[in-house]
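Asks: here is my input, please return the structure:
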Amino acid sequence: MPMPIDDLRTLSLWWDQLGDPGAPRPPLPGDLDVDVAIVGAGYTGLWTAYYLTEASPGIRVAVLEGRVAGFGASGRNGGWCSALFPASLGRIARTSSRDAAVAMQAALHDTVDEVGRVAAREAIDIDWAKGGTLGLARTPVQARRAEEAIAGWRSWGFGAGDYRLLGAGEAAERFGAAGVLGATYTPHCAALHPARLARGLADVVASRGVRIFEGTRASGIAPGAVRTPLGTVRAPIVVRATEAFTATLPGLRRTLLPVYSLMLATEPLPEDFWAAHGLADRPTFTDGRHLIVYGQRTADGRLAFGGRGAPYHLGSRIDPAFDRVPTVHAGLWRALVDLLPALARHRVTHRWGGPLGIPRDWYASVGLDRRTGLAWAGGYVGDGVATANLAGRTLADLITGVDSELTALPWVNHRSRRWEPEPLRWLGANAGLAAMSSADAAEERTGRPARRAEIVGRFLGQ
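Replies: Numbering: from 1, shown residues only. This is a model prediction of the structure:
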């Protein structure tokens, strides 16, 4: 059943700022026949419903959601609408071609703008600010990696209008963080309010006749049917849009690894803080450490900041208790204060987290098996705000039989191999986490690149 409204507000800063999101939509009343059944009312499922109704007005679409629309990563993420993709261009090219890899990246660039276009067209207020992304370099090792990253983009044909290197002065002018030696910059990212996007999309597709059944947990997916404790939804096309929660479905426990990313948010910060530290155009930001961190300046003047560091749980367990880990949240606060020492006198008002889905080869995918009618999208590794939109558009074309530039992209019908059985995946996932964390410490101590990080990247197929 759906969580009580009071509990939903504890899911994240974003859910808290929604205030009263309204009563949950009714659950599935019994057996149902539709044209397309979608499991999961996060970004992927909602964008798929949106573009299906664009392409085929009157199409019968049902979206089944175990809790409420936007309950998962779609309502809890860092609010980066970015052109990031978890697999490297080299990895994509090795499984397809150089031209296909470049086309994939170009499609992601356009997708960032598509999210903003749709939000404006549908009057969904998502606090949109396309300020790009700053990747800070704060040590000499990170500065060398930043130079190599830009050289890499140039080797793929992307110019300064897409990715460029900033000197220390320009980087510090944009974001006055401590110890900045330089930064990479790309304009292909926008900061937004994740929960408003998810809830707004749900309202839009519902107004078009899409039936969203909240409090309706799928107990099984099969060709032509989605089974739930409340009834069976029959459809020639069934879309799995469950991301990290894929691991809870029978037979799919090893498909995507549910790994937690945690966040915190400060109180609204005074104008003199922002005058001293920048982020005036609300660029999202990260730095060159291996254990990923990410942040944004929110529309109401807070810092929302997150990162990896929480352990993977044996058996792909997902539990609300894992959303808050005091030691990890304390580590995030230390990292943020290290970036911005003036924050030490300000309060943290929100702490939260949630699982994201990781495929074995870190290669997100979208596809449709025309023989069975089973479709899927996911494995975004935390980069799903924009990528889920691209997935929704692509699934709509696949389902309606349209051959397009999107259906020719190399992630279409890519199949990642399954994760290892336990306890091997528990050992591997947490060993990788420890290696990345220790690599950062080693680089800070020695001033040299940590080879262990390169080894982990090679293991992940990058």
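
Asks: pretty sure Thr95 is touching Pro410, no?
Replies: Yes: under the contact definition of CB atoms under 8 Å, Thr95 touches Pro410, with a separation of 6.6 Å. In this view, the C-beta of every residue, glycine as well, is placed from N, C-alpha and C.

Asks: between the two, which one's more packed in?
Replies: Neighbours around Thr95 and Pro410, counted as other CB atoms under 10 Å, are more numerous at Pro410. The numbers are 19 against 15.

Asks: skipping adjacent residues, who's closest to that one in space?
Replies: The shortest distance from Pro410 to any residue other than its chain neighbours is 3.7 Å, reached at Ser96 (CB to CB, 6 or more residues apart in numbering).

Asks: mind checking how far the one you found is from Val412?
Replies: 10 Å (CB to CB, to the nearest Å).

Asks: quickly list what's touching both of those two.
Replies: Shared between the contact lists of Ser96 and Val412 (criterion: CB atoms under 8 Å, 6 or more residues apart in numbering) there are no residues.

Asks: backbone dihedrals for the nearest residue to Thr133 once chain neighbours are set aside, please?
Replies: The spatial neighbour of Thr133 that comes closest, neighbours along the chain excluded (CB to CB, 6+ apart), is Cys189 at 4.2 Å. Backbone torsions of Cys189, given as degrees, to the nearest 10, read phi -160, psi 140.

Asks: mind listing the residues bridging to Cys189?
Replies: Applying DSSP bridges to Cys189 gives these bridge partners: Ser82.

Asks: kindly report the domain assignment for the protein.
Replies: Structural domains assigned to the chain are 1-127+193-256+364-419, 420-462, following automatic domain parsing.

Asks: now do the shortest one, average pLDDT.
Replies: Per-residue pLDDT values across domain 420-462 average out to 75.

Asks: please apply the same query to stretch 29-37.
Replies: What stretch 29-37 shows for mean pLDDT is 98.

Asks: who touches it?
Replies: Where contact means CB under 8 Å, 6+ apart, the residues beyond stretch 29-37 that reach it are 52, 59-62, 64, 211, 225-226, 230-239, 399.

Asks: mind checking which of these are in strands?
Replies: Secondary structure from DSSP state E places 61-62, 64, 211, 225-226, 231-234, 237-239 of the contacts of stretch 29-37 in strands.

Asks: quick one: which of these has the most company?
Replies: Counting by other CB under 10 Å, top hit in the ones in strands among the contacts of stretch 29-37: Val239 with 32 neighbours.

Asks: thought that residue was touching Gly373?
Replies: No: with contact taken as CB under 8 Å, Val239 and Gly373 are classed as non-touching, separated by 9.6 Å.

Asks: can you dump the C-alpha atoms of the helix or strand Asp110 falls within in PDB for me?
Replies: For Asp110, the host element (DSSP states H and E) is helix 98-121. As requested, C-alpha coordinates have been extracted for helix 98-121 and formatted as PDB (Å, rounded to 0.1, in the frame of the first residue of the first chain):
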ATOM      1  CA  ARG A  98      32.800   5.100 -33.300                       C
ATOM      2  CA  ASP A  99      30.000   6.900 -35.200                       C
ATOM      3  CA  ALA A 100      27.400   5.100 -33.100                       C
ATOM      4  CA  ALA A 101      29.100   6.200 -29.900                       C
ATOM      5  CA  VAL A 102      29.200   9.900 -31.000                       C
ATOM      6  CA  ALA A 103      25.600   9.700 -32.100                       C
ATOM      7  CA  MET A 104      24.700   8.400 -28.600                       C
ATOM      8  CA  GLN A 105      26.400  11.300 -26.900                       C
ATOM      9  CA  ALA A 106      24.800  13.800 -29.300                       C
ATOM     10  CA  ALA A 107      21.400  12.400 -28.500                       C
ATOM     11  CA  LEU A 108      22.100  12.900 -24.800                       C
ATOM     12  CA  HIS A 109      23.100  16.500 -25.400                       C
ATOM     13  CA  ASP A 110      19.700  17.100 -27.100                       C
ATOM     14  CA  THR A 111      17.900  15.200 -24.400                       C
ATOM     15  CA  VAL A 112      18.900  17.700 -21.700                       C
ATOM     16  CA  ASP A 113      17.100  20.400 -23.700                       C
ATOM     17  CA  GLU A 114      14.100  18.100 -24.400                       C
ATOM     18  CA  VAL A 115      13.400  17.800 -20.700                       C
ATOM     19  CA  GLY A 116      13.300  21.500 -20.400                       C
ATOM     20  CA  ARG A 117      11.200  22.000 -23.500                       C
ATOM     21  CA  VAL A 118       8.500  19.500 -22.200                       C
ATOM     22  CA  ALA A 119       8.500  21.000 -18.700                       C
ATOM     23  CA  ALA A 120       7.900  24.400 -20.200                       C
ATOM     24  CA  ARG A 121       5.300  23.200 -22.700                       C
END
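
Asks: contacts for that helix, please.
Replies: Contacts of helix 98-121 with the rest of the structure, by CB under 8 Å, 6+ apart, involve 50, 81-85, 89-90, 92-93, 124-126, 128, 130, 156-158, 162, 188-190, 192, 197, 200, 385-387, 389-390, 393, 405-406, 408-411.

Asks: which among the residues you listed end up buried?
Replies: Judged by neighbour count, with 16 or more other CB atoms under 10 Å as the criterion, the buried members of these are 50, 81-85, 89, 92-93, 124, 126, 128, 130, 158, 162, 188-190, 192, 197, 200, 385-387, 389-390, 393, 406, 409-411.

Asks: how much distance is there from the helix or strand where Asp397 lies to the middle of the chain?
Replies: In this assignment (DSSP H and E), Asp397 forms part of helix 384-400. Taking CA atoms, centre = their mean, to the nearest Å, one finds helix 384-400 lying 14 Å from the centre of the chain it belongs to.
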